[in-house]
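> sharing a model that was predicted from the sequence below.
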Amino acid sequence: MTQNSYRLLGFGLVIGGALFAPVAYFILASGPITAVAISAIMIGFTSIAISVSRPQISPEASQLILETGMENIAALIEELGLENRAIYMPSSLRSGHAQALIPLGKDFEITRIKGKIPKRLIVRYGDGPGDMAIAVIAPGSTSFGILDVKPGQTTEEIETAINYVLTGLLDLAGAAVVRMEGNVLDVEVSGPKLHYENIWYYRCMGSPVASIVASLSAEGLSKPVRIKEESYKNKKSRILLEVLG
(Lines give C-alpha, C1' and ligand atoms only; values in the text may rest on other atoms or scores of the structure.)
Protein backbone atom coordinates (compact mmCIF):
# COMPACT_ATOMS: atom_id res chain seq x y z
CA MET A 1 0.00 0.00 0.00
CA THR A 2 1.11 3.55 -0.67
CA GLN A 3 1.36 6.32 1.87
CA ASN A 4 -1.92 7.88 0.66
CA SER A 5 -3.67 4.51 0.82
CA TYR A 6 -2.84 4.12 4.50
CA ARG A 7 -4.05 7.66 5.18
CA LEU A 8 -7.36 7.21 3.33
CA LEU A 9 -7.99 3.87 5.03
CA GLY A 10 -7.24 5.41 8.41
CA PHE A 11 -9.58 8.37 8.01
CA GLY A 12 -12.31 6.09 6.67
CA LEU A 13 -12.12 3.75 9.66
CA VAL A 14 -11.98 6.60 12.17
CA ILE A 15 -14.97 8.46 10.70
CA GLY A 16 -16.99 5.28 10.13
CA GLY A 17 -16.25 3.96 13.62
CA ALA A 18 -17.03 7.31 15.26
CA LEU A 19 -20.42 7.51 13.50
CA PHE A 20 -21.40 3.89 14.10
CA ALA A 21 -20.29 3.59 17.74
CA PRO A 22 -23.14 5.78 19.21
CA VAL A 23 -25.67 3.96 17.04
CA ALA A 24 -24.46 0.56 18.21
CA TYR A 25 -24.40 1.61 21.88
CA PHE A 26 -27.54 3.75 22.26
CA ILE A 27 -29.89 2.44 19.56
CA LEU A 28 -28.85 -1.17 19.00
CA ALA A 29 -27.73 -1.58 22.63
CA SER A 30 -25.14 -4.12 21.49
CA GLY A 31 -21.87 -4.36 23.39
CA PRO A 32 -20.05 -6.52 20.80
CA ILE A 33 -20.99 -4.27 17.88
CA THR A 34 -19.93 -1.19 19.88
CA ALA A 35 -16.59 -2.88 20.55
CA VAL A 36 -16.14 -3.48 16.81
CA ALA A 37 -16.80 0.20 16.10
CA ILE A 38 -14.28 1.30 18.74
CA SER A 39 -11.76 -1.18 17.33
CA ALA A 40 -12.25 0.35 13.87
CA ILE A 41 -11.37 3.76 15.31
CA MET A 42 -8.20 2.38 16.90
CA ILE A 43 -7.13 0.65 13.68
CA GLY A 44 -7.84 3.87 11.79
CA PHE A 45 -5.52 5.91 14.00
CA THR A 46 -2.86 3.21 13.57
CA SER A 47 -3.15 3.44 9.77
CA ILE A 48 -2.80 7.22 9.92
CA ALA A 49 0.33 6.86 12.05
CA ILE A 50 1.79 4.38 9.55
CA SER A 51 1.14 6.81 6.68
CA VAL A 52 3.11 9.52 8.49
CA SER A 53 6.10 7.30 9.33
CA ARG A 54 6.28 5.48 5.99
CA PRO A 55 9.08 6.89 3.73
CA GLN A 56 8.07 8.63 0.50
CA ILE A 57 10.20 6.17 -1.53
CA SER A 58 10.16 2.46 -0.76
CA PRO A 59 13.45 0.71 0.17
CA GLU A 60 13.21 -1.30 -3.05
CA ALA A 61 12.99 1.85 -5.17
CA SER A 62 15.87 3.41 -3.23
CA GLN A 63 18.08 0.38 -3.93
CA LEU A 64 17.21 0.52 -7.64
CA ILE A 65 18.17 4.20 -7.87
CA LEU A 66 21.32 3.48 -5.86
CA GLU A 67 22.48 0.69 -8.17
CA THR A 68 21.77 2.77 -11.30
CA GLY A 69 23.90 5.64 -10.02
CA MET A 70 26.69 3.25 -9.03
CA GLU A 71 26.88 1.78 -12.54
CA ASN A 72 27.25 5.22 -14.10
CA ILE A 73 30.04 6.25 -11.70
CA ALA A 74 31.77 2.87 -12.11
CA ALA A 75 31.85 3.33 -15.89
CA LEU A 76 33.41 6.78 -15.49
CA ILE A 77 36.06 5.59 -13.01
CA GLU A 78 37.10 2.60 -15.10
CA GLU A 79 37.18 4.62 -18.32
CA LEU A 80 39.56 7.14 -16.71
CA GLY A 81 41.57 4.39 -15.02
CA LEU A 82 41.35 6.02 -11.57
CA GLU A 83 42.75 4.02 -8.65
CA ASN A 84 42.85 6.60 -5.83
CA ARG A 85 40.45 6.24 -2.94
CA ALA A 86 37.65 8.80 -2.94
CA ILE A 87 37.68 11.69 -0.46
CA TYR A 88 34.21 12.29 0.96
CA MET A 89 33.77 16.03 1.37
CA PRO A 90 31.30 17.74 3.75
CA SER A 91 28.81 20.13 2.20
CA SER A 92 30.64 23.09 3.78
CA LEU A 93 33.52 22.50 1.33
CA ARG A 94 31.28 21.96 -1.68
CA SER A 95 29.05 25.05 -1.64
CA GLY A 96 26.30 23.33 0.30
CA HIS A 97 26.32 20.04 -1.63
CA ALA A 98 28.27 16.99 -0.45
CA GLN A 99 30.27 15.03 -3.02
CA ALA A 100 33.14 12.59 -3.28
CA LEU A 101 36.43 13.83 -4.67
CA ILE A 102 38.64 11.39 -6.64
CA PRO A 103 42.14 12.84 -7.17
CA LEU A 104 43.63 12.30 -10.61
CA GLY A 105 47.21 12.26 -9.27
CA LYS A 106 48.75 10.00 -6.63
CA ASP A 107 50.25 12.74 -4.43
CA PHE A 108 47.03 14.14 -2.93
CA GLU A 109 47.42 16.25 0.21
CA ILE A 110 44.38 17.55 2.08
CA THR A 111 46.29 20.72 3.02
CA ARG A 112 46.31 21.75 -0.64
CA ILE A 113 42.56 22.33 -0.63
CA LYS A 114 42.02 26.07 -0.71
CA GLY A 115 38.47 27.22 -0.07
CA LYS A 116 35.34 25.66 -1.47
CA ILE A 117 35.58 23.31 -4.42
CA PRO A 118 33.57 24.46 -7.47
CA LYS A 119 30.45 22.64 -8.63
CA ARG A 120 31.95 20.90 -11.66
CA LEU A 121 32.81 17.37 -12.71
CA ILE A 122 36.52 18.10 -13.21
CA VAL A 123 37.76 20.42 -10.46
CA ARG A 124 40.97 22.02 -9.23
CA TYR A 125 41.39 21.71 -5.49
CA GLY A 126 44.81 23.37 -5.07
CA ASP A 127 47.29 25.73 -6.66
CA GLY A 128 49.61 23.06 -8.10
CA PRO A 129 49.40 22.00 -11.76
CA GLY A 130 48.54 18.43 -10.75
CA ASP A 131 45.93 19.31 -8.13
CA MET A 132 43.03 18.05 -10.23
CA ALA A 133 40.21 15.67 -9.37
CA ILE A 134 36.75 14.62 -10.44
CA ALA A 135 33.82 15.32 -8.14
CA VAL A 136 30.97 12.81 -8.24
CA ILE A 137 27.74 12.28 -6.36
CA ALA A 138 28.43 9.03 -4.54
CA PRO A 139 25.67 6.74 -3.16
CA GLY A 140 25.98 8.44 0.22
CA SER A 141 26.48 12.02 -0.95
CA THR A 142 22.82 12.97 -0.57
CA SER A 143 22.06 10.73 2.40
CA PHE A 144 22.41 13.52 4.96
CA GLY A 145 19.82 15.53 3.01
CA ILE A 146 17.04 13.21 4.22
CA LEU A 147 17.91 13.90 7.84
CA ASP A 148 15.86 16.46 9.73
CA VAL A 149 18.92 17.57 11.68
CA LYS A 150 22.56 17.53 10.63
CA PRO A 151 24.53 14.95 12.66
CA GLY A 152 26.82 16.32 15.36
CA GLN A 153 30.52 15.69 15.86
CA THR A 154 30.31 13.08 18.62
CA THR A 155 30.43 9.36 17.84
CA GLU A 156 27.00 8.94 19.45
CA GLU A 157 25.40 11.48 17.12
CA ILE A 158 27.11 10.04 14.05
CA GLU A 159 26.06 6.53 15.10
CA THR A 160 22.44 7.67 15.51
CA ALA A 161 22.43 9.25 12.04
CA ILE A 162 23.95 6.15 10.42
CA ASN A 163 21.43 3.85 12.09
CA TYR A 164 18.54 6.11 11.13
CA VAL A 165 19.49 6.16 7.44
CA LEU A 166 20.71 2.57 6.97
CA THR A 167 18.11 0.85 9.13
CA GLY A 168 15.13 3.16 9.42
CA LEU A 169 14.93 4.70 5.96
CA LEU A 170 16.80 2.57 3.42
CA ASP A 171 16.62 -0.84 5.11
CA LEU A 172 20.15 -1.63 3.89
CA ALA A 173 21.57 -3.03 7.13
CA GLY A 174 21.04 -3.75 10.79
CA ALA A 175 22.58 -1.85 13.68
CA ALA A 176 25.80 0.16 13.39
CA VAL A 177 28.35 0.82 16.13
CA VAL A 178 30.80 3.75 15.85
CA ARG A 179 34.10 4.15 17.71
CA MET A 180 36.80 6.81 17.40
CA GLU A 181 40.51 6.07 17.78
CA GLY A 182 42.76 9.02 17.02
CA ASN A 183 41.97 10.18 13.50
CA VAL A 184 40.32 6.87 12.55
CA LEU A 185 36.58 6.27 12.79
CA ASP A 186 35.83 2.56 13.29
CA VAL A 187 32.31 1.61 12.15
CA GLU A 188 30.86 -1.91 12.43
CA VAL A 189 27.63 -2.58 10.54
CA SER A 190 25.63 -5.74 11.22
CA GLY A 191 23.77 -7.53 8.44
CA PRO A 192 24.53 -5.26 5.46
CA LYS A 193 22.52 -6.19 2.39
CA LEU A 194 25.12 -4.68 0.06
CA HIS A 195 28.54 -5.65 1.39
CA TYR A 196 32.07 -5.06 0.11
CA GLU A 197 33.37 -6.84 -2.98
CA ASN A 198 36.88 -6.68 -4.45
CA ILE A 199 35.94 -4.83 -7.62
CA TRP A 200 37.37 -1.65 -9.13
CA TYR A 201 34.47 0.59 -8.14
CA TYR A 202 34.43 -0.57 -4.51
CA ARG A 203 38.21 -0.21 -4.19
CA CYS A 204 37.84 3.42 -5.18
CA MET A 205 34.47 4.48 -3.72
CA GLY A 206 33.75 1.78 -1.15
CA SER A 207 30.56 -0.26 -0.95
CA PRO A 208 27.21 1.58 -0.90
CA VAL A 209 26.96 1.07 2.88
CA ALA A 210 30.49 2.40 3.38
CA SER A 211 29.73 5.35 1.10
CA ILE A 212 26.70 6.31 3.20
CA VAL A 213 28.70 5.90 6.41
CA ALA A 214 31.55 8.04 5.03
CA SER A 215 29.23 10.80 3.82
CA LEU A 216 27.35 11.05 7.11
CA SER A 217 30.61 10.99 9.07
CA ALA A 218 32.16 13.73 6.93
CA GLU A 219 29.07 15.86 7.35
CA GLY A 220 28.93 15.33 11.11
CA LEU A 221 32.63 16.01 11.65
CA SER A 222 32.67 18.82 9.05
CA LYS A 223 35.92 17.31 7.74
CA PRO A 224 36.85 15.24 4.69
CA VAL A 225 37.12 11.50 5.29
CA ARG A 226 38.57 8.64 3.27
CA ILE A 227 37.68 4.94 3.47
CA LYS A 228 40.95 3.48 4.73
CA GLU A 229 39.85 -0.14 4.92
CA GLU A 230 36.67 -2.16 4.46
CA SER A 231 36.09 -5.84 5.18
CA TYR A 232 33.17 -8.25 5.43
CA LYS A 233 33.18 -11.17 7.85
CA ASN A 234 30.59 -13.09 9.87
CA LYS A 235 27.76 -11.08 8.29
CA LYS A 236 29.31 -7.84 9.49
CA SER A 237 31.03 -5.02 7.61
CA ARG A 238 33.88 -3.21 9.29
CA ILE A 239 34.64 0.21 7.84
CA LEU A 240 37.68 2.23 8.89
CA LEU A 241 37.47 5.91 7.97
CA GLU A 242 40.50 8.18 8.00
CA VAL A 243 39.57 11.68 9.10
CA LEU A 244 41.59 14.21 7.08
CA GLY A 245 42.46 17.79 7.87
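On my side now, so go ahead.
> what's downstream of the helix or strand in which Gly16 is found, the next helix or strand?
Take DSSP states H and E as the rule and Gly16 turns out to sit in helix 3-22. Once helix 3-22 ends, the next helix or strand along the chain (criterion: DSSP H and E) is helix 31-53.
> can you confirm Pro151 is in a strand?
No. With DSSP: H, G, I helix; E, B strand; the rest coil as the criterion, Pro151 is located in coil rather than a strand.
> what's the local residue count around it?
Using other C-beta atoms under 10 Å, Pro151 is surrounded by 22 other residues. In this view, the C-beta of every residue, glycine as well, is placed from N, C-alpha and C.
> how is this protein divided into domains?
3-53, 59-136, 143-243 (automatic domain parsing).
> give the rounded mean pLDDT of the longest one.
Averaging the model's pLDDT scores along domain 143-243 yields 87.
> what does the shortest one give?
For domain 3-53, the mean pLDDT works out to 82.
> from the middle of its chain, how far away would the helix holding Gly16 be?
Relative to the centre of its chain, helix 3-22 is centred 34 Å away, using C-alpha atoms, centre = their mean, to the nearest Å.
> please apply the same query to stretch 195-207.
The chain centroid and the centroid of stretch 195-207 are separated by 17 Å under C-alpha atoms, centre = their mean.
> buried residues, it. List them.
Within stretch 195-207, the residues scored as buried using 16 or more other C-beta atoms under 10 Å are His195, Tyr196, Tyr201, Tyr202, Arg203, Cys204, Met205, Gly206, Ser207.
> can I get those residues in JSON lines with secondary structure?
Output for the buried residues of stretch 195-207, formatted as JSON lines (three-state DSSP):
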{"residue": "His195", "secondary structure": "coil"}
{"residue": "Tyr196", "secondary structure": "coil"}
{"residue": "Tyr201", "secondary structure": "helix"}
{"residue": "Tyr202", "secondary structure": "helix"}
{"residue": "Arg203", "secondary structure": "helix"}
{"residue": "Cys204", "secondary structure": "helix"}
{"residue": "Met205", "secondary structure": "helix"}
{"residue": "Gly206", "secondary structure": "coil"}
{"residue": "Ser207", "secondary structure": "coil"}
